[in-house]
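A.B. asks: Next comes the sequence, and after it the predicted model I'd like to discuss.
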Amino acid sequence: MKMDSIQAKLLLDRYWEGETSIEEENQLKEFLLTEEGRKSFPEASALFVFYSAESTLSIDESKLTEKIDDKSGGGSDPKVIPFNFSMFRKIAAVFLIVFGGYFVWQNVMSLQVSTDRIVEVEDPKEALRITKEALALAGFKMKQGDAHLKKSLSKLSFTRIIKHDN
Amino acid sequence: MQHEELMNMILPYKDKLFRFVLRLVNDTFDAEEILQDLMVKIWKKKDQFVTIENKEAWCMTVVRNLAYDKLRKRKQRTQDIEEQYDLRDKAVAPDVALEQKDALRKVKEVIAQLPKDLRTVIQLRDIEQYSYQEIADITGWTLGKVKINLHRARKTLQHSLMKIEL
């Protein structure tokens, strides 16, 4: 059934109110795209011309997959192993904590060992005696070291003499 | 799953998706990028995607959210009407074609000025011809809100179109 401008007006009023069905909207569209429709209802006609033009817009298939092609490098099923910077940071943080903790623990332990060997003595006489003993021990050790050094140097000079003779 | 299989699932409504996004972001480049992002999203979750019952509604919802994100990040740009519609193919007189082009530009501006929810409902109903229920599924609105938004959108369009000279 062909629509006239009176019927179109009634339908258009319902359209503006949002009360029309899709079928009625299609009938209205058909009428408004005609010359009669354009002259009778220029605003509504322009709107439906716009809708009509808009519904012809399309996108090229190749545009759709551009990003996927970039990521997968082709049409085959890709095995994507994304570089996850966040994960990398977490792993680095764990390593830092473990190794840092280990070194701190080592230092604390060595400090404990050295402090364990410190003896505090209240009596000054006793302290003097222990100090003398310690100094005597240090002197003895230095003497031993000195003798060892002299022995090594004499061996070295003996080697030089032999070398020189040859 | 190969690209081709994925494409075959999207092809029936790729143009609908493109038009919907294009009208929301009003920029061809951004619209294409959003659709590419959608494809990447689908590709990453392809095993889940094949199990989705209403893929079209799911895709519409995803691109709508992506478009809204895009809108939040930038100010809208407008594109020349000639870049989008090929009006030269229409079998109309040059003066009428010029008038149509001008009318299309004005209508497009009026629609672009609508709040995004109203623009969304116009695009889904008047251009893509979705039912109220389908619009509700895509947007997550109630049926009542779909009807209210459609009513508001059409009333706003009616008043705006009356004010401009077509």
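C.D. replies: Nice, I can see it.

A.B. asks: Domain ranges for chain A, per the record?
C.D. replies: Domain assignment of chain A by automatic domain parsing yields the ranges A:5-58, A:84-117.

A.B. asks: Pick the most deeply packed of the ones you listed.
C.D. replies: domain A:5-58 (a mean of 17; mean count of other Cβ atoms under 10 Å in any protein chain shown). Every C-beta, even on glycine, is put in place using the N, C-alpha and C of the backbone.

A.B. asks: Is that one positioned near chain B?
C.D. replies: Yes. Judged by Cβ under 8 Å from any Cβ of the partner chain, domain A:5-58 comes into contact with chain B at A:15-18, A:22, A:25-26, A:42-44, A:46-47, A:49-51, A:53-58.

A.B. asks: quick one: is the helix or strand hosting B:A57 near chain A?
C.D. replies: Under the criterion DSSP states H and E, the helix or strand holding B:A57 is helix B:55-73. No. Using Cβ under 8 Å from any Cβ, helix B:55-73 stays clear of chain A, with a minimum separation of 11.3 Å.

A.B. asks: go on, stretch B:37-47?
C.D. replies: Yes. Applying Cβ under 8 Å from any Cβ, one finds that stretch B:37-47 is in contact with chain A at B:37, B:39-40, B:43-44.

A.B. asks: Just the buried residues of that stretch, please?
C.D. replies: Neighbour counts over stretch B:37-47 (16 or more other Cβ atoms under 10 Å in any protein chain shown) mark B:37-43 as buried.

A.B. asks: mean pLDDT for the domains of chain A: which is lowest?
C.D. replies: Lowest mean pLDDT within the domains of chain A: domain A:84-117, at a mean of 80.

A.B. asks: chain center to the longest helix along chain A: distance?
C.D. replies: What stands out as the longest helix in chain A, according to DSSP state H, is helix A:124-165. Distance of helix A:124-165 from the chain centroid (Cα atoms, centre = their mean, to the nearest Å) equals 60 Å.

A.B. asks: got it, and stretch A:54-74?
C.D. replies: Distance, centroid of stretch A:54-74 to centroid of chain: 29 Å (Cα atoms, centre = their mean).

A.B. asks: so what pLDDT did the residue sitting nearest the centre point of chain B get?
C.D. replies: Taking Cα atoms, centre = their mean, the centroid of chain B lies closest to B:F20, which sits 1.4 Å from it. On the pLDDT scale, B:F20 is placed at 91.

A.B. asks: can you give me the helices for the chain?
C.D. replies: Defaulting to chain A. Under DSSP H, chain A gives helices at A:5-17, A:22-32, A:35-40, A:42-54, A:61-64, A:66-72, A:85-116, A:124-165.

A.B. asks: nope, chain B please
C.D. replies: Using DSSP H, helices in chain B cover B:3-10, B:14-25, B:28-44, B:46-49, B:55-73, B:81-84, B:94-112, B:116-122, B:132-139, B:143-163.

A.B. asks: Just name the most buried of the ones you listed.
C.D. replies: helix B:14-25 (a mean of 23).

A.B. asks: For chain A, tell me whether that helix is touching it.
C.D. replies: Yes. Applying Cβ under 8 Å from any Cβ, one finds helix B:14-25 in contact with chain A at B:14-15, B:17-19, B:22-23.

A.B. asks: And these, which is closest to B:K116?
C.D. replies: Distance ranking of these against B:K116, using Cβ to Cβ, places B:R23 first at 10.0 Å.

A.B. asks: contacting residues for that closest one?
C.D. replies: With contact set as Cβ atoms under 8 Å, 6 or more residues apart in numbering or on different chains, B:R23 has these partners: A:54, B:111, B:119, B:123, B:127.

A.B. asks: so what's the second one up against?
C.D. replies: Contacts for B:I111 were tallied using Cβ under 8 Å, 6+ apart; they are A:50, B:23, B:119, B:122, B:157.

A.B. asks: now do the last one
C.D. replies: For B:I127, the residues meeting the contact criterion (Cβ under 8 Å, 6+ apart) are A:51, A:54-55, B:19, B:23.

A.B. asks: Would you mind saying which of the helices of chain A lies nearest B:D137?
C.D. replies: helix A:22-32 (15.9 Å).
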